[in-house]
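> test case, fold it:
(3 chains)
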Amino acid sequence: MLEASGLTTKYGAIAALRNASVHVGAGEVIGLIGPNGAGKTTLLNTIAGLLAPVSGSVLLDGADVTGHPPERLLRSGLALVPEHRRIFTDLTVEENLKIGGVTVSSTDRAVLLDEMKEQFPVLAEKWTTAAGYLSGGEAQQLAIARALMSKPRLLMMDEPSLGLAPVLVDVVFGLIESLREQGRTLLVVEQNAERMLAVADRAYVLRSGAVVAEGTGAELRVRDDLFDTFVGGDS
Amino acid sequence: MVERFRATAMFPLLAAVMLFGVFVLGGLTYQAIIGGGAAERLITIMLIDAIVVLGIQIYVGNTGVLSFGHIGFGAIAGYTFGILAIAPLEKEKRVPDAPFGLTDVHLSTWLAVVIAVGVTVIAAFVIGLGLARSGAESGAVAATVITLALLFVTHEVARNWPELTGGDRAGLSFRIGGNLDTRAPIYLMLFVAIVVATFFAKSRSGRLAVAAREDNLAARAMGINPLVQQMIALLISVAVVSVGASLRVYQDGSILPDDFFFNYTLLTIVMLVVGGRNSVTGAVLGVAVMTAGREFSRRLGQDDFEVFGIGLDGAPLDWIFRENLQTVFLGLSMLGFMLWRPKGILDDWELGDWMRRRFGPKNDVQPDLAESVTSDDDLVLVASDVDLFFGGFQALAGAGIEARGDEVVGIIGPNGAGKTTLVNVITGMAEQTSGRVVLGDTDLSTSEPFEIARAGLVRTFQNLRLFGALTVRENTEVSTLVAARHRTERAHPSVDQLVVAAGLWDHRDRRASELDYGNSRRLELARAAGMSPSFLLLDEPTSGMSDSESLEMVEQVRTMADLVGAGVVVIDHDLNFITGICDRIYCLDRGRVIAAGTPAEIQANPQVQAAYLGTG
Amino acid sequence: MTELLQNLIDGLGRGSIYALLALGVAVVFGVMHLLNFAHGEMITVAGYVAFWTIGTNDWSWWLVVPLIVLSAIATSLVIERIAFSRVRGASDFTLLLTSFGVHFVVSAIFLLYVSASVKTFPRPTWVANTYSVRSLNIEVFDTVVIGVTLVTLIATTLLLQRTMFGLSLRAAAADFDTARLMGVKSDSVIRGAFALSGLLAGIAGVFWLMRAGSTTPTAGIDPMLKGVLAALIGGLGSLRGAVIGGFALGLAEVLLRSRLPDSVASLTEGVVFLLIALLFIFRPQGLITVAHAERV
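Numbers count the residues shown, from 1 in each chain, chains lettered A, B, ... in the order given. The predicted model follows:
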């Protein structure tokens, strides 16, 4: 479904991403793991069109979408749940979701709103509350629900468990698991390597802006050279 | 003494002399080649414009606040100068009913200049109060609008108070022995302006103002009161502009409201931004470039003008077109530079700095680490019963911590528990609904962030806040400058020692904006330590770091805290990090402390497990 | 009492125009963080439209009103396209100076192709008419202005609250990048904001020109300044604040003009500016504080 190859992205003179390639097949759940500053978020933002790569290409179902702006990529079926959730704190939960569905027809939007109400009872309770008053876990669910409103074919998430207490981390990984059961295609950046490998089909390990390893959880765990990626973890 | 001069003052001074020399010689050469009164006048005006533009640069460049009001200050100076310097006989004709008996006042020209500068600086002080407050509160945009309003006030008053100003049409004219008959005062004042602008940027005030320009909040967290530094910049800047404006009025022999209004504002601002507003060299270059361009476009409108075959001679153009070519040129230059090169030709490149880097003494001897300072174990930081409401949401409900000067105290808790909010309250960046913050005997409950920093509580930020355009050394230097004045009871490591301790020696001359994430974190820690604080408050120093990096950070924090003898209060959600570094830990949940104790006690506490670890 | 009431009505009339201008400034500020010093150029252009149609060709005001509004919208969009679209996301400094540059270029264009002189056109005849309610003398003009402004403000509120465009605009104002991630097209939301801003300036411009009956290349400065100041008084970033700021500015001007002693009455504008400076010393965030729910 997604074929990103040879992506290089720079901030000023510093290459934050160097020749990184990622492949995601339909229905797969793929993890992007690695220490901070490894370029995971940069990779995701480059694929999502928030950053322009210096070289490399992004293909979506064979069509070249390199350098397309995010609003256009979303219309091609690629949605991103950004780091730190970035919900619209001044808008209500309902309005946040409506914005998520800005690209679909108004009838579809109404249907999707009802679906989200059902799938996220926490949000249904606070439907008309300003989103700034949600707790961290609720806000993360809103961010994911908001992305689902665009009926994405590929959903990307950036550090969905960041800054959440372990109880809420469970909730988030539960959500990823259920999205996986729905047959959705996911590309998830996670700091929490252990937990991610447990739900992912495959994962890519990044370090210093480059992809240094790729494989299933079982394959990656036995690699000694990746030890520091997993040290501590949440085991 | 000589050593110090070589290191600090020699190159800027040399650069000022060269800048002045090249600029003036360039003008004189043009004058000699073209000849005639018009060329002479053009160069005189250019020299005066340079004084005004340098004056504006002092404020705009160092504070980053765009001011449209400096020409308004120029108007105040110009009119004050005019009304004082014009002979009573002449005033009898122009402004017979001038208020305050000004008609009869007769002062020497130079006394009039001095008084004009004084009056304008007083006006600037009053305006500066409003400017600083609104700028701090609603950002630079609000301050800019106020300066624009000032420009309009002075213009309105000048037009509608004919008793004082001669009004819109007649204006004030001179018959005080004619116009300036020598350029000597202009040369002198231009040189002074270059030197003042150069050395202000190098001064303590200038450096602190630039830090606040780069990041206002971080500057306040480092004990800088940006309002004071901006005010100093404003007053010096306005004084220089006032001198320039008085000279201009003297040179013109008259003053009308429109002389110091929109068009002159446009001209001076364009000159400043085209050359590079953050650089004195840039300001002077901008004046030269724009004067040349304007003169070229003016001559282009004349029938007999042609250069390299370009000329409008005989072209079927309306005379209006030719008349207004200059205005078009200015407007297009402004727009063009903003669209394609917003930082101007030179950005912040400075001749003096370049010469020092090229020819100056090399500073590449890595210093030895300073002796550690013994921490002050009697000093206690107490935050107690802190409540805070955001709208209807209670972020803190009676939260509080206590920390001794030789301790490392951790704050943990689930997301939204109020950890950062509590640190914000302690450092004065959030206003608590009730509750007290006391350090030793000093009550800091209602103090401003910069006062709290000076008292010894210095923080870092969860999302990095460095002074991006400054180098690693300069970032650290900012806080040591503040410490040297406000933390006198403490021993201070030198800038270089701090840089070495942070492991940033190899990067010491790189801009902070070019550092990678880990080094940025280290620099933020070094900058905070440069304040020689009693307590370092660290907000998630390992946010998003891998575990091995977190362990390095533990060492880093220890080194820095030992170096300056500071206690540490650290927020983190990384348990490895927190338990690895802390003597005691507080656990927050929903705005209140639910447990406190040693790391082992905290980990065993069932309430903590329920709320935080999710294993209860 | 009567005098106060009279001032109140006059002030509301004047304030209505300022409120429309300020709202336009605030809408653009919201999506681009641009304080538009070229906001008056819509009225400069509209002034020449009025001059060419009414002034030289005797067209009827009724025909020209929609033309003026359309020309304001078009000007707003063209300026966005040529200048502001290139500096999206730039620093405040760059944005401010870009708009300042736009102002100078637009006035230079009219300077070049028309001239610096004042161009006049007849005011509509009913502008000076008044009617009496008890002891109050009310201008027909003020009544129309206040009425049209109210309708415009209500319509704008509905647009912002009830439509997907309005929602997109508010989302983009809160967090532009994230709005784009949601599929909000930055081009359409920014152009929409400029179109709305142009529409509001166009309506204000109709009234402004009906009252002025003339234009010059720099005629835009005055309405721009009123709009920008009103937006600032209200608290930048708040749409509601901008409207309140507009009315406050109008009322302040009228009250001062009628209350100040004759000797300083001509300095009203200066006094208003001083009051604004004082306001900022004592309440630097403007009249309305935008209450953000804090993200913890």
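
> most centrally placed residue in chain B?
Centroid-nearest residue in chain B: B:Thr63, 2.4 Å away (criterion: Cα atoms, centre = their mean).

> is it true that it touches B:Ala209?
Yes: counting by Cβ atoms under 8 Å, B:Ala209 is a contact partner of B:Thr63 at 5.3 Å. Heads up, the C-betas are built off the backbone N, CA and C, glycines and all.

> helix or strand: which one has the closest residue to the residue nearest to the centre of chain B other than its chain neighbours?
Excluding the flanking residues, the one nearest B:Thr63 by Cβ to Cβ, 6 or more residues apart in numbering or on different chains is B:Gln230, at 4.9 Å. Using DSSP states H and E, B:Gln230 sits in helix B:226-252.

> got it, and B:Val593?
strand B:592-597.

> how about that strand against chain C, any contact?
No: Strand B:592-597 lies out of reach of chain C by Cβ under 8 Å from any Cβ of the partner chain, never closer than 14.3 Å.

> report the rounded mean pLDDT for the following helix or strand past that strand.
Toward the C-terminus, strand B:592-597 is succeeded by helix B:599-604 as the next helix or strand (DSSP H and E). Average pLDDT, helix B:599-604: 88.

> what helices and strands are in contact with helix B:599-604?
For helix B:599-604, the packing partners by 3 or more Cβ pairs under 8 Å, 6 or more residues apart in numbering or on different chains; DSSP states H and E come out as helix B:575-581, strand B:584-589, strand B:592-597.

> ok so, going back, wouldn't the residue nearest to B:Thr63 be in contact with B:Leu129 here?
No: counting by Cβ under 8 Å, B:Gln230 sits too far from B:Leu129 to count as a contact (10.7 Å).

> these two: which has the busier surroundings?
B:Gln230 (28 against 15; other Cβ atoms under 10 Å in any protein chain shown).

> can you pull the contacts of that one?
B:59, B:63, B:65, B:128, B:131-132, B:135, B:209, B:212 (Cβ atoms under 8 Å, 6 or more residues apart in numbering or on different chains).

> next one: C:Leu67, what pLDDT does it get?
You'll see C:Leu67 listed with a pLDDT of 95.

> which of the helices and strands packed on helix B:599-604 has the lowest average pLDDT?
Among those, helix B:575-581 carries the lowest mean pLDDT, a mean of 80.

> which residues of the stretch 101-250 of chain B fall in strands?
Here the stretch 101-250 of chain B has its strands, by DSSP state E, counting those that start in this stretch, at B:172-173.

> residue of it nearest chain A, please.
Closest approach between the stretch 101-250 of chain B and chain A, counting by Cβ to the nearest Cβ: B:Glu214, at 16.0 Å.

> on that earlier part again, okay, and the common contacts of B:Thr63 and B:Ala209?
Common neighbours of B:Thr63 and B:Ala209 (Cβ under 8 Å, 6+ apart) are B:229-230, B:233.

> quick check, nearest of these to B:Leu102?
Using Cβ to Cβ, B:Ala233 is the member of the shared contacts of B:Thr63 and B:Ala209 that sits closest to B:Leu102, with 31.3 Å.

> residues contacting B:Ala7?
The neighbours of B:Ala7, taking Cβ under 8 Å, 6+ apart as the test, are B:360-361.
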